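**Student:** What follows is a predicted protein model with its sequence.
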2 protein chains.
Amino acid sequence: MDVAERLSQLRIAMQEVGINWYLMITIDPHASEYISDYYKEREYFSGFTGSNGTLLIGMSECFLWTDGRYFVQAKNELEGTGIKLMKSMVFGVPDIAQYLEQHFQEGDIFGVNGALVSAEYGLKLERICEKCGVTLNDHPNIIDRIWKNRPGDSAEPATILPLSLAGQAVEDKIASIRKQMKKNETDCFVLSKLDDQMWLFNLRGNDIVCNPVAYSYTIVTMNEVCLYLKAKAVTEDVKAFALAHQIQLKEYENFYVELEQKKLGARIWIDQNNSNYRTLRILKGKGEIYDAPNPTAIGKAIKNECEIENLKEIYRLDSVELTKFLMWMEKVGIPNGISEVDAAKNLDHRRSTIPQYRDLSFPTISAFGANAAMMHYEATSKNHLNIKGNGIYLVDSGGQYDGGTTDVTRSVLCGEVNDTIKEHFTRTVMGMLRLQNAVFLKGCTGRNLDILAREPLWKILIDYKCGTGHGIGYMLNVHEDPQNISWHNRNGRLETPMEEGMLVSDEPGVYVEGSHGIRIENILLCVKKGESADGEFLAFVPLTYVPIDRKGIRPELMQPEDLLALNQYHQQVYDKISSSFQGSELEWLKNATAPI
Amino acid sequence: MDVAERLSQLRIAMQEVGINWYLMITIDPHASEYISDYYKEREYFSGFTGSNGTLLIGMSECFLWTDGRYFVQAKNELEGTGIKLMKSMVFGVPDIAQYLEQHFQEGDIFGVNGALVSAEYGLKLERICEKCGVTLNDHPNIIDRIWKNRPGDSAEPATILPLSLAGQAVEDKIASIRKQMKKNETDCFVLSKLDDQMWLFNLRGNDIVCNPVAYSYTIVTMNEVCLYLKAKAVTEDVKAFALAHQIQLKEYENFYVELEQKKLGARIWIDQNNSNYRTLRILKGKGEIYDAPNPTAIGKAIKNECEIENLKEIYRLDSVELTKFLMWMEKVGIPNGISEVDAAKNLDHRRSTIPQYRDLSFPTISAFGANAAMMHYEATSKNHLNIKGNGIYLVDSGGQYDGGTTDVTRSVLCGEVNDTIKEHFTRTVMGMLRLQNAVFLKGCTGRNLDILAREPLWKILIDYKCGTGHGIGYMLNVHEDPQNISWHNRNGRLETPMEEGMLVSDEPGVYVEGSHGIRIENILLCVKKGESADGEFLAFVPLTYVPIDRKGIRPELMQPEDLLALNQYHQQVYDKISSSFQGSELEWLKNATAPI
């Protein structure tokens, strides 16, 4: 069955249920960072395989919106399907909302799967429909009957974290949620975010690539806690744990039906920014909505003492393996012109030898030369460079371990690179270290701090087009809200101040298209610096202890403070990890961390 | 008539008009920075003379809220009046809103003068009244009949700026406002902010201390422009100007009545953050409100080429006079133990000799020793120090000129000061210079930049409890919205990105209670730095060219970049102002600006 036939069958199904528009967005019900194959409806019905695309099916026409990264690929993949490509953000091309407003006819029925639309976007669609006299139909799945060999919605056994890894009992966490519910006069809290649920229940899953989460929904009232899980996730251990902790286990597939039926009380807490449209729509029909960030978010972001202790050791072990990889690359890999793919494999293997290792925290980025200028490059067996000749090799990688999630980037010089590239390298390091050594008043958010990392590059009119840092989970997602380091002004969006115990990445970089890419990334732990008459001050300590390539440093561009910071950091690296090095390896480490 | 008697008469008047609560806030109808005596109702009815206070009069009890600066003074001044002091922000003391909620009885009538309440606060009072079943009565003046010798509501002749000073014709400005009105689909724009009106009409007044503004309101529709002015402001020149530019002059006192009657169209633009409650209340009854920053705000904030040229010369002249004052202080004033008051007089006199001088832009702050630790200290003939012995002398001052408004602070060492104070001085200078030399991507707001000025102080756990910088008017208010330099997170409030042509002050400081105060302030002009593949970059150039006391610098605490910045700035100071110095004065300047 080709795409045209799939679409024609879909249109028949649409007619049967009385829908004349249908919208497919690339998302799962929990807005996960990676989408499992089960949810790749848009790909199935369009043939377009890019990571971002929205498909609008009308009764006669069909459109696919995607962004500039995919214009060429989409054009090729859509050929012969009859689907028209709509280039997002291109002047003169309407966005989806504009297109709908222009083409809706009064009386139309507009169908979406409300579980596969964010609450925010669903509300926007509601407004457009209302304006145009169109009915919005949140229709459950009409896909299955057409998509015959649809992949399974992967679900694997969940595991329970022992207290020695979690550091805080589930009862304590639920009690603190209820305390906040009480404070905000809410009777019920509905949670859809997967990593928040994992944190709340000291549970881990394996349903999303690199993210140790299980598909789930949670309803907390003052009297009960209902956790909706897929059958496969519910092991005997999970059952026993739930029983012991008064958690009612429910079937994931019954969530919406039960949500409709359940008595939830007058005022319901839901984080609209982290829920899907169907959940919000049902709740709006049941009570007053209290829309605020999930009360689990801050609890999850502020690592507890046990988590911090575990993290320190895990980051040390992870730093040792990355350092040994960098040493091996210098001695063996690069002189032999190893491929980007083989380099990544080598590093991934080293991580897997750490006893606490569970998984990678994201696919390793192993990029040489111009490839490193692409922020999200992934080398494949078909498409990669060999690391030889002159240039920068960038490796961004991390692991999931019993005791923490890591993320670290280093860039190393291969062969000879010119002074401009070395200046880029030096200024990236300056920015990374200045943020790492910041001292700031409690209350500051990442918007206040970001410029410390960027200013050395801005001074030479260079900017990197991404945030400086993101939060990071504990045995959870490598990208974690709510704190971050970014200068961008998102008027109206809440910002989260940095707090003691939060983790944040510190990863400035330089990306020159077609030439080179540099990124240096440490993970920082926010700590208390001290108090004075003027308030409470915070600072960071690094968790990452991996040498920074001294060959890239032009010390004459640094201020003495920067050079001191680099030398002090290198001394710390040596102190933290040298016990895992011996003989000629120790000699190498000594040189790699020697003061400049 | 004493306060108790005034209150009792007020209660009689309240009963006559059927009001049983009355609230007086310290404000004028335009939320001006300084309140003229006419609007000091709260002072008249309470006897409390502090600058911040809110008086709530019930039928039997009366309360005054004020902040920590005034607890002692208020206690003394309220003695015998029967008014109870409510200490704002003190634990356990309800704020006004909480008090009202607790004590309102259903059916109460709550009176305010809606012109003397901000729109935002008025809406808050509305919500409380509604919740409590209380009627909010926006009652015009019931004060006059009791306050017999009420001071006149000062109004003075307004003047028209020639194009050589204003740089942009009124027609152009009105056309740009209408363009923005059209873009936002509004039919009418109602403006209450005084400095915005002065800017729009190239008009200046003299109704508020140090602020060259005239009491006014403006209504702009697509066909007409109505300007409400006090009779005294309307000179023959103003009449002729209005006639020539199709501006309808109206009487200030008739504004509310005419606003009620006038046809304004369906959608009305009003900046709720810069309007009073009565204006908003009337407009809400007339059409749909479009609440957004006044379209005049950005036009006023971005100085045009003519304004910038004039500013450069005015700042040069102002810098010359301040520098000569500092020289005189070093040679004559300080050795003779001059008083803070006489020092201020000397400086004020020097400014007044500049041909373009019109007025001070704010009362000169002339403070020695511990007095300088008080950010808003004003020396008086009764209460001041003589500048002798060891310590820091701080002088913060500015003028209103034909061609600009200035604001500048310098701190100078007298006698011997210890190394700690010198460290404070050095780090203040480092912060000032680092912000002055910032390079940043277009789109940044003051929240991104603030840390550059603060970080050298934060590193030693010192913070100053105010913003780093404010916008500044052109022949207008010394404090001007919307841009500023401040790290504080005001969730939900709009932030204004810095743009080419904006002015901002750069004034970090150290304030140690009972010991010393240091502040160094330059005014910066935002300029384009350059463009690259990564975007458009902005930077600052100083308008202020006054030596920084080299005796306060401990160069060993500075990075080479900081020292270079100081030496380069001093070289610029010399280059800009030395032509106004001769003989031994030139010698002094040469030394004062010599490299370290």
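**Tutor:** Okay, I see it.
**Student:** Could you list the low-pLDDT ranges of the stretch 451-596 of chain A?
**Tutor:** Low-confidence segments of the stretch 451-596 of chain A, defined by pLDDT under 70: A:491-493.
**Student:** That one against chain B: which residues are in contact?
**Tutor:** A:451-452, A:454-455, A:458-459, A:461-465, A:487-489, A:491-492, A:494-495, A:497, A:512-513, A:529-535, A:537, A:559-561 (C-beta under 8 Å from any C-beta of the partner chain). Where C-beta positions appear, they are placed from N, C-alpha and C, glycine not excepted.
**Student:** Now list the buried members of those.
**Tutor:** A:451-452, A:454-455, A:458-459, A:461-464, A:487, A:489, A:495, A:497, A:512, A:529, A:534, A:537, A:559, A:561 (16 or more other C-beta atoms under 10 Å in any protein chain shown).
**Student:** Which of those residues fall in strands?
**Tutor:** A:V512, A:K529, A:F537 (DSSP state E).
**Student:** For those residues, give me CSV that also has distance to A:E41.
**Tutor:** Formatted as CSV, those follow (distance: C-beta to C-beta, whole Å):
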residue, distance to A:E41
A:V512, 38
A:K529, 50
A:F537, 50
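**Student:** element containing A:L449, please.
**Tutor:** Using DSSP states H and E, A:L449 maps to helix A:446-458.
**Student:** which helices and strands does that helix pack with?
**Tutor:** helix A:419-436, strand A:480-485, strand B:439-441, helix B:446-458 (3 or more C-beta pairs under 8 Å, 6 or more residues apart in numbering or on different chains; DSSP states H and E).
**Student:** try it again with 6 Å
**Tutor:** Here helix A:446-458 touches helix A:419-436, strand A:480-485, helix B:446-458, going by 3 or more C-beta pairs under 6 Å, 6 or more residues apart in numbering or on different chains; DSSP states H and E.
**Student:** Highest mean neighbour count out of those?
**Tutor:** Mean neighbour count (mean count of other C-beta atoms under 10 Å in any protein chain shown) peaks for helix B:446-458 among those, with a mean of 25.
**Student:** And the strands in the stretch 301-450 of chain A?
**Tutor:** A:357-360, A:365-368, A:391-397, A:399-401, A:404-405, A:408-414, A:439-441 (DSSP state E, counting those that start in this stretch).
**Student:** okay, these in JSON lines with mean pLDDT next?
**Tutor:** Formatted as JSON lines, those follow (pLDDT from 0 to 100):
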{"stretch": "strand A:357-360", "mean pLDDT": "97"}
{"stretch": "strand A:365-368", "mean pLDDT": "96"}
{"stretch": "strand A:391-397", "mean pLDDT": "98"}
{"stretch": "strand A:399-401", "mean pLDDT": "98"}
{"stretch": "strand A:404-405", "mean pLDDT": "98"}
{"stretch": "strand A:408-414", "mean pLDDT": "98"}
{"stretch": "strand A:439-441", "mean pLDDT": "98"}
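**Student:** for the ones you listed, which one sits closest to A:L23?
**Tutor:** strand A:365-368 (32.6 Å; C-beta to C-beta).
**Student:** And the residue of the stretch 201-350 of chain A closest to chain B?
**Tutor:** Of all residues in the stretch 201-350 of chain A, the one sitting closest to chain B is A:P293 (11.6 Å; C-beta to the nearest C-beta).
**Student:** burial count for that residue?
**Tutor:** 16 (other C-beta atoms under 10 Å in any protein chain shown).
**Student:** What of A:I12?
**Tutor:** Other residues within reach of A:I12, judged by other C-beta under 10 Å, total 11.
**Student:** in the host helix or strand of it, what's buried?
**Tutor:** Using DSSP H and E, A:I12 sits in helix A:3-17. Along helix A:3-17, these residues count as buried under the neighbour rule (16+ other C-beta under 10 Å): A:V3, A:R6, A:L7, A:L10, A:R11, A:A13, A:M14.
**Student:** And the contacts of that helix?
**Tutor:** With contact meaning C-beta atoms under 6 Å, 6 or more residues apart in numbering or on different chains, helix A:3-17 is reached by A:Y22, A:F45, A:G47, A:T81, A:G82, A:I142, A:I146.
**Student:** how about the first one, secondary structure?
**Tutor:** In the three-state summary, A:Y22 is assigned as strand, counting by DSSP: H, G, I helix; E, B strand; the rest coil.
**Student:** What of the one 5 residues further on?
**Tutor:** Following three-state DSSP, the label given to A:I27 is coil.
**Student:** Now it: phi and psi?
**Tutor:** Dihedral pair for A:I27: phi -170, psi 160, per degrees, to the nearest 10.
**Student:** need the contact list for it.
**Tutor:** A:L116.
**Student:** Give me the residue at the spatial middle of chain A.
**Tutor:** Taking C-alpha atoms, centre = their mean, the centroid of chain A lies closest to A:H479, which sits 3.4 Å from it.
**Student:** Nearest residue to it in space, please, no chain neighbours.
**Tutor:** Among residues not flanking A:H479 along the chain, A:H470 sits closest, at 5.0 Å (C-beta to C-beta, 6 or more residues apart in numbering or on different chains).
**Student:** of all the buried residues of helix A:3-17, which comes closest to B:Q272?
**Tutor:** Of those, the one sitting nearest to B:Q272 (C-beta to C-beta) turns out to be A:M14, at 45.7 Å.
**Student:** Can you report how many residues neighbour the residue nearest to A:N294 when sequence neighbours are not counted?
**Tutor:** If you skip the residues right next to it in sequence, A:N294 has A:D271 as its closest partner in space, 4.3 Å away by C-beta to C-beta, 6+ apart. For A:D271, the count of nearby residues is 22 (other C-beta under 10 Å).
**Student:** With the one 5 residues further on instead?
**Tutor:** Counted with other C-beta under 10 Å, residues neighbouring A:N276 total 25.
**Student:** before we move on, what about A:K84?
**Tutor:** The tally of other residues near A:K84 (other C-beta under 10 Å) stands at 11.
**Student:** So the closest residue to A:G47 other than its chain neighbours versus chain B, what's the distance?
**Tutor:** When the adjacent residues along the chain are set aside, A:G47 lies closest to A:V3, with 4.4 Å between them (C-beta to C-beta, 6+ apart). As judged by C-beta to the nearest C-beta, to the nearest Å, A:V3 and chain B stand 38 Å apart.
**Student:** Same question for stretch A:263-270: list its buried residues.
**Tutor:** For stretch A:263-270, using 16+ other C-beta under 10 Å, the buried residues are A:L264, A:I268, A:W269, A:I270.
**Student:** Which among the helices and strands packed on helix A:446-458 is found nearest to B:G205?
**Tutor:** Ranking the helices and strands packed on helix A:446-458 by proximity to B:G205 (C-beta to C-beta) places helix B:446-458 first, at 28.9 Å.
**Student:** re the thing from before, quick check: which of the helices and strands packed on helix A:446-458 is nearest to B:S397?
**Tutor:** Once these are compared by C-beta to C-beta, helix B:446-458 is nearest, at 20.6 Å.
**Student:** how would you label the closest residue to chain B within the stretch 1-150 of chain A: helix, strand or coil?
**Tutor:** At 14.8 Å from chain B, A:K131 is the closest residue in the stretch 1-150 of chain A, using C-beta to the nearest C-beta. What three-state DSSP gives for A:K131 is helix.
**Student:** Could you find the closest non-adjacent residue to it?
**Tutor:** Closest to A:K131 by C-beta to C-beta, 6+ apart is A:E101, at 7.0 Å.
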